[in-house]
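**Q** this one's structure only:
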């Protein structure tokens, strides 16, 4: 919560956050939220951690991720994220991918994998899930999606970042994990261009 308030102080908007606590997503249908938490309550009460956990139990997934939706009204962003979701579905059984901001995993499976490979410079999240899928059952959740910022696309350019992701996948498949910054992937958002229109959640 302290980090979320810091982002607000830096100019972020509360409606662009989806905040979880031990009881799930902070949404306006909950009656247990104190004033500081109610600031981040969203309208979509069906996007709950409980819903994801139920699906994990029912389908017997030990490691899982979910599909993504962009925090943007731009058609190009929808097309790009739909393409990513299609690739997630197509490869989930043979070469699973997962964004680092949405990975569910059982503790025992995490311990078997040994955590993230800290030597990797890019795609360490997908590598982590790939290694876990060799030991545990992996799946993509259908009951929930996660909303993602398009800051990276605004900063690096949609074509440029798409090519980097495709090239990094090819590298991982044919040459192995990426242990150097050969794709010049920059972290941080110091000079991000603000999107012309952002969807609220």
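**A** Received it, and whenever you're ready, just let me know what you need. Just so it is clear, the model here is predicted, and its values are computed rather than measured. Numbers count the residues shown, from 1 in each chain.

**Q** quick check: longest strand of the chain.
**A** strand 138-148 (DSSP state E).

**Q** elements contacting that strand?
**A** helix 49-59, strand 63-70, helix 75-91 (3 or more C-beta pairs under 8 Å, 6 or more residues apart in numbering; DSSP states H and E). C-beta: built from backbone N, CA, C; applies to glycine.

**Q** if we use 7 Å, what do you get?
**A** helix 49-59, strand 63-70 (3 or more C-beta pairs under 7 Å, 6 or more residues apart in numbering; DSSP states H and E).

**Q** weakest of those in terms of mean pLDDT?
**A** Note on these: lowest mean pLDDT is at helix 49-59, with a mean of 89.

**Q** that one to strand 138-148, inter-axis angle?
**A** 160 degrees (axes from the mean of the first three to the mean of the last three C-alpha atoms, to 10 degrees).

**Q** circling back: now the element after the longest strand of the chain, going C-ward?
**A** Per DSSP states H and E, strand 138-148 leads on to helix 151-156 as the next helix or strand towards the C-terminus.

**Q** show me what the helix or strand harbouring residue 160 is packed against.
**A** Per DSSP H and E: residue 160 is located in helix 158-174. Helices and strands in packing contact with helix 158-174 are listed as helix 75-91; criterion 3+ C-beta pairs under 7 Å, 6+ apart.

**Q** give me the contacts around the helix it packs on.
**A** 67, 68, 69, 70, 97, 140, 150, 153, 158, 162 (C-beta atoms under 7 Å, 6 or more residues apart in numbering).

**Q** tell me the domain ranges of this protein?
**A** 1-44, 48-174 (automatic domain parsing).

**Q** most tightly packed of the ones you listed?
**A** domain 48-174 (a mean of 16; mean count of other C-beta atoms under 10 Å).

**Q** next one: that domain to chain centre, how far?
**A** 6 Å (C-alpha atoms, centre = their mean, to the nearest Å).

**Q** after the helix or strand of the chain with the lowest mean pLDDT, which helix or strand is next?
**A** Lowest mean confidence among the helices and strands of the chain (mean pLDDT, DSSP states H and E): strand 24-25, at a mean of 64. Counting by DSSP H and E, the next helix or strand C-terminal to strand 24-25 is helix 35-38.

**Q** if we can go back for a sec, residue 185: which of the domains of the chain is closest?
**A** In terms of C-beta to C-beta, the element of these nearest to residue 185 is domain 48-174, at 5.3 Å.

**Q** got the phi and psi for the most centrally placed residue in the chain?
**A** Taking C-alpha atoms, centre = their mean, the centroid of the chain lies closest to residue 101, which sits 3.5 Å from it. Backbone torsions for residue 101, taken as degrees, to the nearest 10, come to phi -90, psi 0.

**Q** repeat for the one 4 residues further on
**A** Here is the backbone geometry of residue 105 (degrees, to the nearest 10): phi -150, psi 140.
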